[in-house]
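1. what's the 3D shape of this:
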Amino acid sequence: MNLLIFEYASALGIKDPALTAEGKAMLRGLTCDLECLPASYLISKNIDSIEGSQCKPVVIEGSIDDWILDNISQYDYCLPIAPEEDFILCGLTRAIEKSGVQVVGSDSDAVRICSDKYLTYRILKDKVPVIPTHRVAWEDIGLYAPGISGEKVVKPSDGVSCSAVQIVDSEESFKSATRKVRAISSLPYFLVQDYIEGDSASVSLLSNGKRAIPLSLNQQNISTENGTINYNGGKVPMTHPLEKEAKKVAKKAVESISGLKGYVGVDMILDDDEVYLVEINSRITTPYVALRNMLNFNLGEAIVQSTQGKLPGEFTLEREIEIQKKGNRLNLNVIS
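-> Next up is the predicted model:
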């Protein structure tokens, strides 16, 4: 197996700490987990190579898309990590598929669905509990705004993480929020959701395209400042009375979208007695950096094997790890 790994920000040479802390941590973990394979990873000439990794760095400059078109056929497999924003992950996945290289992850059609949160909502709304969601065209802002009452969440339908996700409670705050969303969104519409009080969480799963197994329920440390929502890390695993139900909902959701494979993350809100699915991330997510230190098997290898149809059997989680996002670093603190 000749495997290429790449993480979008590191390969592109982005140095913004707000964007790179999680990506670098995921890339570092993968290069350690998969150094037993003939694996290489892309890294920008402006970014330092991963210290201590036995994987081969492939230094690039310029466009990742151009590099993939010219070079990806040298590899048998490719494991991409990239944002859903502006359908970046979907486009890269499709380019890899067209080259005949096997993607270690979800196929492009599944990524396309998960990259547009409204498409995800439409597919899942009759299958699992989801937050009531409305699609609003940009030209309809003036018609929709006067009807805002109570707290709502405004967000891009093609966003990533908490980018431009805001809580609004008035016509004025609604219009202000839509301006921020429009600045980053590539779609002709945005989303308005009911605001649900509860605990922010995610479920990490492995899927072989037909069956998914939940690995852990994870706490998300979310803060709100002037209506803007920010992700600050979390804890793996999370103990909650609705843990079993959350894992059940996440499993059903992933199995309901054809082509979701490898590592998949499902974001949720857990209130006192109900689970609400927020979105599905068809890629490796931040809890991976903690989980790889907690499972009694090599998580990186298991991701590769899952895309070939094989899922792990019984497993155990050792330790409890807190993830702290601070500046350009993602710190892991072992709690127990």
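2. residues contacting Pro146?
-> Listed by CB atoms under 8 Å, 6 or more residues apart in numbering, the contact partners of Pro146 are Glu171. (Each C-beta comes from the backbone N, C-alpha and C, glycine too.)
3. ditto for the one 5 residues further on
-> Neighbour list for Glu151: 167-169, 195 [criterion: CB under 8 Å, 6+ apart].
4. In ChimeraX, how would I select just the buried ones from the residues you listed?
-> In ChimeraX, a selection of the buried entries from the contacts of Glu151 looks like this (16 or more other CB atoms under 10 Å):
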select :167,168
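5. Can you list the buried residues in the lengthiest helix in the chain?
-> For the chain, the helix reaching the highest residue count under DSSP state H is reported as helix 17-33. By neighbour count with 16+ other CB under 10 Å, helix 17-33 contains the buried residues 19-33.
6. Any regions of the stretch 201-336 of the chain where pLDDT drops low?
-> Within the stretch 201-336 of the chain, the segments meeting pLDDT under 70 span 327-328.
7. What segments of it are strands?
-> Per DSSP state E, counting those that start in this stretch, the stretch 201-336 of the chain carries strands over the ranges 212-225, 228-236, 261-270, 275-281, 321-326, 329-334.
8. Now distance to Gln74 too, for these, in JSON lines please.
-> Below are the strands of the stretch 201-336 of the chain laid out as JSON lines (distance: least, CB to CB, whole Å):
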{"stretch": "strand 212-225", "distance to Gln74": "31"}
{"stretch": "strand 228-236", "distance to Gln74": "35"}
{"stretch": "strand 261-270", "distance to Gln74": "21"}
{"stretch": "strand 275-281", "distance to Gln74": "28"}
{"stretch": "strand 321-326", "distance to Gln74": "35"}
{"stretch": "strand 329-334", "distance to Gln74": "31"}
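9. who are the neighbours in contact with the closest residue to Asp273 other than its chain neighbours?
-> Excluding the flanking residues, the one nearest Asp273 by CB to CB, 6 or more residues apart in numbering is Leu242, at 7.6 Å. Counting by CB under 8 Å, 6+ apart, Leu242 touches 270, 273-275.
10. Can you tell me which of these are buried?
-> The buried subset of the contacts of Leu242 - by 16+ other CB under 10 Å - is 270, 275.
11. Format the contacts of Leu242 as JSON lines; extra columns: distance to Arg292.
-> Listed next are those as JSON lines, based on distance: CB to CB, whole Å:
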{"residue": "Leu270", "distance to Arg292": "24"}
{"residue": "Asp273", "distance to Arg292": "33"}
{"residue": "Glu274", "distance to Arg292": "31"}
{"residue": "Val275", "distance to Arg292": "26"}
